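*Asks:* Okay, predicted coordinates and the sequence, questions at the end:
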Amino acid sequence: MASLAAERVAADEKNDYEHGAEAQEFVHGAPAAPSDPWILAAGGRIYDNWWDALDRKEPEGTHPSYPATGKQSGPDTWRCKECHGWDYRGAAGVYRKGSHHTGIKGIDGAVGKPEAEIAALLRAPLHGYTPEMITDEELARVAAFVSRGQPDMSTIVDGETRAILAGDPERGRGIFQTVCAACHGFDGRRYDWGSDGEHAYVGTEAASVPDEVLHKILNAHPGVEMANLRAFPLSDAVDVLSYAATLPVD
Ligand code: HEC
Ligand code: HEC
């Protein structure tokens, strides 16, 4: 192992201690020398909602490739997740039916594909993401996420019933109480995303849309100051998910 002094010089050469404005901005900024976990999580937030993740203008109208038979419309149809699913399995997973069904395949078949090829596919007319929407550097992050950042959701969340198939809730409890609770409270009820008298807490979301919640645990929620567990073993994130699904739902 290199000495601490040598590590410090190496990190300094990478510009890790850069004190510019961008380096102070956790939500929309970027480290001067991004680590791989940072790149994969940043790419995952673009997959979720790129305009919130990147602080861009919301796109106008429905995505031209969104099928006429689909039930969604407007800006949301420009989110990768809307066509390919939170479980990355498209028509083979949770979106096989229901209000988000499009019949479009998932991105799980693109695991391991060259990142440049994925980026080119996203610029091509079928996807139509312009550099004004997502810059080349940002597009490389989402391509890295597609190629190297997808957990195999089919082993974690049942694509038919959406039941959680894995995780150790007791381990997850320790992680939730020491990390997530800082912002979400020990019972996960500090933030409420519900509307019309319905509550939506971490517990509600984890129990009903576990694939989405695992995506948020690994990448964070776009456009807000949320930490993520990307730098840790995947099993940590799955353990938190399994515990979060036991928290109060209303
Ligand atoms: C409006 C719907 C729509 C949106 C939004 C969308 N895609 Fe796609 N995507 C498609 C369609 C359609 C295909 C082609 C599927 C086929 O070949 O059957 C595709 C194909 C892909 C593939 C190739 C999959 C494979 O196995 O070869 C990848 C990777 C991909 N999209 C990633 C993304 C990413 C990343 C985003 C967001 C930045 C995104 N897509 C947004 C519709 C969409
Ligand atoms: C530093 C603060 C912070 C930490 C730590 C944090 N979060 Fe969050 N999280 C947020 C904020 C802020 C939001 C968005 C709140 C809003 O939209 O009002 C959010 C959103 C979410 C959402 C999105 C809900 C939805 O449906 O849109 C989920 C799920 C979530 N967090 C789970 C977790 C879990 C699990 C952990 C622990 C691994 C965690 N968060 C750690 C701040 C945090």
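*Replies:* Here it is on my side, so go on. Ligands and ions are numbered 1, 2, ... in the order given.
*Asks:* Find the residue closest to residue 28 in space, skipping its chain neighbours.
*Replies:* Counting by CB to CB, 6 or more residues apart in numbering, residue 55 is the residue found nearest to residue 28 once chain neighbours are left out, at 4.5 Å. For the C-beta atoms, the positions are set from N, CA and C on the backbone; glycine is no exception.
*Asks:* where exactly do the helices run in the chain?
*Replies:* Using DSSP state H, the helices found in the chain span residues 4-13, 36-54, 80-84, 115-123, 136-148, 169-175, 181-184, 202-208, 210-219, 234-244.
*Asks:* give me the number of residues near residue 228?
*Replies:* For residue 228, the neighbour count with other CB atoms under 10 Å is 22.
*Asks:* do the same with residue 233
*Replies:* 9.
*Asks:* ok, now how distant is it from residue 172?
*Replies:* 13 Å (CB to CB, to the nearest Å).
*Asks:* how about low-confidence regions in the chain?
*Replies:* 1-2 (pLDDT under 70).
*Asks:* sorry, back to before: go through the helices of the chain and pick out the most buried.
*Replies:* helix 210-219 (a mean of 25; mean count of other CB atoms under 10 Å).
*Asks:* does ligand 1 sit close to that helix?
*Replies:* No - using CB under 6 Å from any ligand atom, we find that helix 210-219 stays clear of ligand 1, coming within 12.7 Å at best.
*Asks:* Touching, the residue nearest to residue 28 and residue 223? I think so.
*Replies:* Yes - counting by CB atoms under 8 Å, residue 55 touches residue 223, with 7.3 Å between them.
*Asks:* Domain boundaries for this protein, per the record?
*Replies:* The record's domain parsing of the chain by automatic domain parsing lists 34-150, 169-244.
*Asks:* what's the closest non-adjacent residue to residue 52?
*Replies:* In space, residue 52 is closest to residue 223, 3.5 Å off (CB to CB, 6+ apart).
*Asks:* For that neighbour, give me its contacts.
*Replies:* 27, 28, 49, 52, 53, 55 (CB atoms under 8 Å, 6 or more residues apart in numbering).
*Asks:* Please report how far it lies from residue 163.
*Replies:* 30 Å.
*Asks:* now do residue 72
*Replies:* Residue 72 is 25 Å from residue 163, by CB to CB.
*Asks:* Settle it for me: which of the two has more neighbours?
*Replies:* residue 72 (18 against 11).
*Asks:* any idea how far residue 146 is from the closest residue to that one other than its chain neighbours?
*Replies:* Spatial nearest neighbour of residue 72, excluding adjacent residues (CB to CB, 6+ apart): residue 82 at 6.1 Å. Distance of residue 82 to residue 146, computed by CB to CB: 15 Å.
*Asks:* still on that earlier bit, determine which of the domains of the chain approaches ligand 2 most closely.
*Replies:* Ligand 2 lies closest to domain 169-244 among those, at 2.8 Å (CB to the nearest ligand atom).
*Asks:* so what's the residue lying closest to residue 105 once chain neighbours are set aside up against?
*Replies:* Counting by CB to CB, 6+ apart, residue 90 is the residue found nearest to residue 105 once chain neighbours are left out, at 4.5 Å. When contacts are counted by CB under 8 Å, 6+ apart, residue 90 touches 83, 84, 102, 104, 105, 106, 107.
*Asks:* Setting the sequence-adjacent residues aside, check what's closest to the residue nearest the centre of the chain.
*Replies:* Here the mean C-alpha position of the chain is nearest to the C-alpha of residue 44 (CA atoms, centre = their mean), at a distance of 3.7 Å. Counting by CB to CB, 6+ apart, residue 219 is the residue found nearest to residue 44 once chain neighbours are left out, at 2.9 Å.
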